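**Student:** prediction below, plus the sequence it came from.
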Amino acid sequence: MDNMPWLTLLMVVPLAGSIAVAALPSRSSALARPVALGVALLTLVIGVVAAATSFTRGSDQQFQMVEQHEWIPQLGVSYSLGVDGIALSLILMALVLMPICLLAAWDDVPEGGGREKGYFALLLLLLPFMVGVFAATDVFLFYVFFEAMLIPVYFLIGMYGGERRQAAAVKFLLFSLAGGLIMLVGVIALYLQGPGGSDGFLLERLTGLDIGGSTERWLFVAFFIAFAIKAPMWPVHTWLPDAATAARPAVATLLVGVLDKVGTFGMIRFCLQLFPEASRWATPVVITLAVISVLYGAILAIGQRDMMRLIAFTSISHFGFIVMGIFAFTSVSQAGSNLYMVNHGFATAALFLIAGMLVARRGSKRIDDYGGWQRATPVLAGSFLVAGLATLSLPGLSTFVSEFLVIAGTWSRYPVATAFAVWGVVLAAIYILLMYKRIFTGPPPILETDEGGGPALSSDMESSVMVSSDTDRDYLSADLDEERRPLRLTAPLRDLGLREKLVVAPILAILIGLGFFPQPVLETLNPAVERTLQIVGATDTTPSVPADAGSTSGSDH
Amino acid sequence: MLTDLAWLLVALPLLGAALLLLGGRLTDSFGPLLATALSWGSFLVGAAIFVSMLGSDPGERASSIELWNWVPAGSIDVMAGLLVDPLSMAFVLLVTFVGSLIHVYSLGYMEHDPDKRRFFAYLNLFVASMLLLVLADSYLLLFVGWEGVGLASWLLIGFWNHNPAYATAANKAFIVNRIGDVGLLLAMSIMLATFGTLDFAAVDGGVAGAGEGTLTAIGLLLLLAACGKSAQFPLQSWLGDAMAGPTPVSALIHAATMVTAGIYLVVRSHAIFEGAPNAQLAVVIVGAITLVYGAIVGCAKDDMKKALAASTMSQIGYMMLAAGLGPVGYAFAIFHLITHGFFKAGMFLGAGSVMHGMDNQVDMRRFGGLSTAMKITWVTFGLGWLAILGVPPFSGFWSKDKIIEAAFVGEGWRPWVFGLTALIGAGITAFYMSRLFFMTFHGKKRWTEDVHPHESPLTMTIPMMVLAVGSAFLGLVLATVAPIGTWLEPVFGHVEHHEPVLPVPVLMAATLIVVAIGGVWAWLTYGRDEVPVVAPEGSALTRAARRDLYQDELNATLLQWPGLALTRGLVSVDADGIDGAGVGGLARWTERSSSWLRGAQNGYARTYALTMLSGVVVFLAALWVIN
């Protein structure tokens, strides 16, 4: 099956599905959800078959499943696809997450209004872009996917989001467009540096150009800024918390868990591969920004009272770790970063989606609107706990392996930076456990049954009561005094239903499974990491003791 | 080979935890019994492996079992494997035996708790993690068990987390432990950079080639980790609060097993510490400080469980001190760890039995005269009390006395400082443990009106009796009949006998004298004299000790309040500064003027240009500032 255009197929199937869902006649709009889910599952099956049959781990080619056709020869643009281990892992992660997210989004939009068609069509439309952006091996094609995927996300946030969705969507768009525009300048300038011709945008034509000097540095900067915004890194992170809060949990999951990975993926694929010298030049700055991101994101997460914003800030912290590992240029740290990208996708998905289940029950994203839920909803609490433990990288869960590899791999070259970043581990325990405590522990909620003149708790009253104490100061200090009154609810709390269990179970199984058996993913990533390091010209640090006692363990800066 | 089945040790209780947690209410009826059975199953496997090891030559008792290729990443390749050797087997037997007894005890203690199944699931999870911790053959796999026991501890401290204070106590334990974990993470990072491996055997083999500075750094970082897990100074603050957990948990996790994991880590890394004398000295100092610290705190606590917790801290201080003394101390550290595991678990179970009979009260000023109401508890607790005092021939005498002797070995100032600290500590221990014993079981009844103390059911008292037998005789057995030093020799090597700076009989006599003084003093104050129901104000030291020598106030001042201020500051900076004035400000400005931007054909292009400019400026500024 070597000649199958797998990657194109992975884009065409969901694209066709998306169009079909959108084109459903309004009387059969109830089909939108099952059709979308079916298409997503079919795409996943195709992806798994493709990976099993047409991808060899030890291949000497950089890219496999290659497809290459002329597209706009006048401009040097080709339709060129291919994956290495890094791209394949990310694509598979996206393929797995999509049906889970569709299932989680099942009740986001009221049935029968006709709006669910658009919602599910847009969600499904993300798939071809996610595949394309990771599989593109033509720089211009990559740019097209990079920009085009903004469109469905913009509408998903702006039309189907929650409070302040318009503002958040515009902010997201502006940040992304700004980054994209800078990159466009870089893309064109890069083409001019290359050999040109009808396939001048091909990655292979632009690799190893040896541009050098300030030109290469400027090009690096142009690409890096776009990726840093996307990732996102401090200080261009501010769009993410807004977007993640305004978006539906499923959209936030795909945005933070998958689409943002384009940032860190782009750093590896384009910054490192195309501008190796400039990458080494920029390393001190990038590592510093990464360490700041780790700590800043974690501290900000501790201070959030909106659980979706909190989760968004944890991601900023985690992206800091990923970037740090990429730019430490050791095989251990980069393997860690790549694995981190996959694990973070699942861990964040778990956290966002389960938080979404809380919000669906309580109608509030505010952490202090909860309390004592463990006894009312034990399965929900347990699932949230595992998701939280994955986020704080508890050993035994997959995230630990990647975080450890990043820390240990970076240490061998940048011990000082590592010694700062490692405190993110402690901060992670604080933000996760505080959130868990505030939501799930304390006196269990009391059911208010008075039908008569008593003040039945309406949502309006609730929010007005909350606003009166609405200062972050109170929220943070609330932890210090133990006074806690039981929550009063008007309807009994349901624990997870079957659909929700189907959402949660596969993610948690993956988090635990990859914690003990990360080997298949790591062995898929290792050759790609090795190649990246070769291109950058970085040599691994060697242990000082076993081979030759004379050399010291390595700092080469 | 029987040792190839060692994975069952971990797998059985893990299976129990998984079944009980995933099975949900379906397993409510038989879950607790199943968990108990699986824990005993683990003990039987351990005992069988132990017997088969006895049959082989001492030099060939260590075997490693490779399980699977765990983390093959770039230049490293970590296998998941188990190391079965005399040291890990000593822990396996302790953990599974005491752990299984406490499962049995919990059947009675937790009988009426609606969440009994979840409790047993967590207990099984703990046993599995603890066994993984001691059986792992590399630091990385050890770390999985290390955090696994931390998780189990968090779950169990917060088991009754409908009380917010308990939930806070659980979080405190986890977070303080995470500070220690940073030490272990960095230690592993240095090991990878230096030796390229995390395997115990390979690291030990590489130590000779490494510089002393590197080894000292690794040693100190490992010590930090050990301080967190074993509640040693300065990371001791969580243990007292951890008494929020159900009492069987305090007995198993926060007395007998988990808190001794730090000792395990230090002695397991003995090769590293032997190459780093300064790190070794730090271990001894930490142990000495903690043993006095815990003892002082223990003298002032009126909460029975908190007094026992302070005692645990102090006793682990003894073990830590011994572990830092080098080869003369390792075996004694483990010896005391095992005897302590028995007598302290026994006493905690006794405390649980007292609470069971006294409506969950813990204030010893409201106890008194319980020896008549709860005879079994009184006798079993009494044996534990004699053991911890070090009265011959009970268990503690054999193990603690050895540590005091070992502390007096050496040259210069050290034997005098550390030896005398250990000696005086024994006296204080005698005082506060006797105070606890007399306040609870003797003197006048000071009960509140509504309590009717009664003896606990057999499911609870039988484990107490078994542990009491251990408290009485285990020391004697392990010192004479089946010497533990010989058993551990393949791990630590043969130790030459060293003479302390004072003759051994003198030290023994001195120890017995200070113990007698402490005990008699406690009797005069708390046994013969009347104990006031309301605590007198007390001296400045007493007041400080009641508040754990102001550890929480210190942590709040140094860490919590600055951290809170920093968080508040950054939250507002992020909202107003970075997002308001900086990057986001431009975006917001464009957002505000989006109406006319939308109308204008070229509006977005301006936005592009503006935002692009701001991004570039920020990035370049960062570049220049940092380069």
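**Tutor:** All right, it came through fine. Residues are numbered from 1 along each chain as shown, chains lettered A, B, ... in the order given.
**Student:** measure A:Q61 to A:T137 for me?
**Tutor:** Counting by C-beta to C-beta, to the nearest Å, the gap from A:Q61 to A:T137 is 11 Å. C-beta here means a position set from N, CA and C on the backbone, and glycine is covered the same way.
**Student:** residues contacting the residue lying closest to A:G257 once chain neighbours are set aside?
**Tutor:** Distances taken as C-beta to C-beta, 6 or more residues apart in numbering or on different chains place A:G345 nearest to A:G257, at 4.1 Å, with adjacent residues excluded. Taking C-beta atoms under 8 Å, 6 or more residues apart in numbering or on different chains, we find A:G345 in contact with A:L90, A:M93, A:A94, A:L97, A:G257, A:V258, A:K261.
**Student:** so which of these are in helices?
**Tutor:** A:L90, A:M93, A:A94, A:L97, A:K261 (DSSP state H).
**Student:** show me which of those residues are buried.
**Tutor:** A:L90, A:M93, A:A94, A:L97, A:K261 (16 or more other C-beta atoms under 10 Å in any protein chain shown).
**Student:** using TSV, please lay out those residues together with pLDDT and distance to A:W71.
**Tutor:** Listed next are those as TSV, based on pLDDT from 0 to 100; distance: C-beta to C-beta, whole Å:
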residue	pLDDT	distance to A:W71
A:L90	96	23
A:M93	96	27
A:A94	96	23
A:L97	96	29
A:K261	94	25
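**Student:** tell me which of the residues you listed is nearest to B:N161?
**Tutor:** B:N161 lies nearest to A:L97 out of those, by C-beta to C-beta, at 31.7 Å.
**Student:** next up, the contacts around the residue in the stretch 51-200 of chain B that chain A sits nearest to.
**Tutor:** Taking C-beta to the nearest C-beta, chain A has its nearest neighbour within the stretch 51-200 of chain B at B:G74, 2.6 Å off. Counting by C-beta under 8 Å, 6+ apart, B:G74 touches A:T330, A:S331, A:V332, A:S333, A:Q334, A:A335, A:L405, A:G409, A:N526, A:V529, A:E530, A:D540.
**Student:** tell me the one of those nearest chain B?
**Tutor:** A:S331 (2.6 Å).
**Student:** can you give me the strands for the stretch 401-550 of chain A?
**Tutor:** With DSSP state E, counting those that start in this stretch as the definition, the stretch 401-550 of chain A shows strands at residue ranges A:446-447, A:488-489.
**Student:** more neighbours: which of A:Q61 and A:T137?
**Tutor:** A:T137 (25 against 10; other C-beta atoms under 10 Å in any protein chain shown).
**Student:** wait, the more buried one touches A:L202, no?
**Tutor:** Yes - between A:T137 and A:L202 there is a contact under C-beta atoms under 8 Å: 6.8 Å.
**Student:** identify the contacts common to the two.
**Tutor:** A:Q68, A:S80.
**Student:** quick one: residues contacting the spatially closest residue to A:S293 that is not a sequence neighbour.
**Tutor:** Counting by C-beta to C-beta, 6+ apart, A:S293 lies nearest to A:G320, which is 3.1 Å off, once chain neighbours are set aside. When contacts are counted by C-beta under 8 Å, 6+ apart, A:G320 touches A:M233, A:W234, A:A290, A:V291, A:I292, A:S293, A:V294, A:L295, A:Y296, A:G297, A:A421, A:G424.
**Student:** returning to what we had before: just the element for the residue nearest to A:G257, please.
**Tutor:** Assigned by DSSP states H and E, A:G345 falls within helix A:331-362.
**Student:** is there any residue in the following helix or strand past that helix that contacts chain B?
**Tutor:** Following helix A:331-362 in sequence order, the next helix or strand is helix A:373-376 (DSSP H and E). Yes - counting by C-beta under 8 Å from any C-beta of the partner chain, chain B is contacted by helix A:373-376 at A:Q374, A:R375.
**Student:** what's the offset of helix A:373-376 from the middle of its chain?
**Tutor:** Distance of helix A:373-376 from its chain centroid, counting by C-alpha atoms, centre = their mean, to the nearest Å, is 29 Å.
**Student:** show residues contacting the following helix or strand past that helix.
**Tutor:** Using DSSP H and E, the helix or strand that directly follows helix A:373-376 along the chain is helix A:378-391. The contact list for helix A:378-391 (C-beta under 8 Å, 6+ apart) reads A:311, A:314, A:318, A:343, A:346-348, A:350-351, A:354-355, A:357-358, A:373-374, A:397-399, A:428, A:432-433, A:435-436, A:439-440, A:495-496, A:500-501, A:504, A:507-508, A:511-512, B:21, B:24, B:118, B:151.
**Student:** hmm, 7 Å instead?
**Tutor:** A:314, A:347, A:350-351, A:354, A:357, A:373-374, A:397, A:399, A:428, A:432, A:436, A:440, A:495-496, A:504, A:508, A:511 (C-beta atoms under 7 Å, 6 or more residues apart in numbering or on different chains).
**Student:** stretch B:392-403 too?
**Tutor:** By C-beta under 7 Å, 6+ apart, stretch B:392-403 touches B:318, B:321-322, B:329, B:332, B:335-336, B:339, B:342-343, B:383, B:386-391, B:422, B:426, B:470-472, B:474-476, B:479, B:508, B:511.
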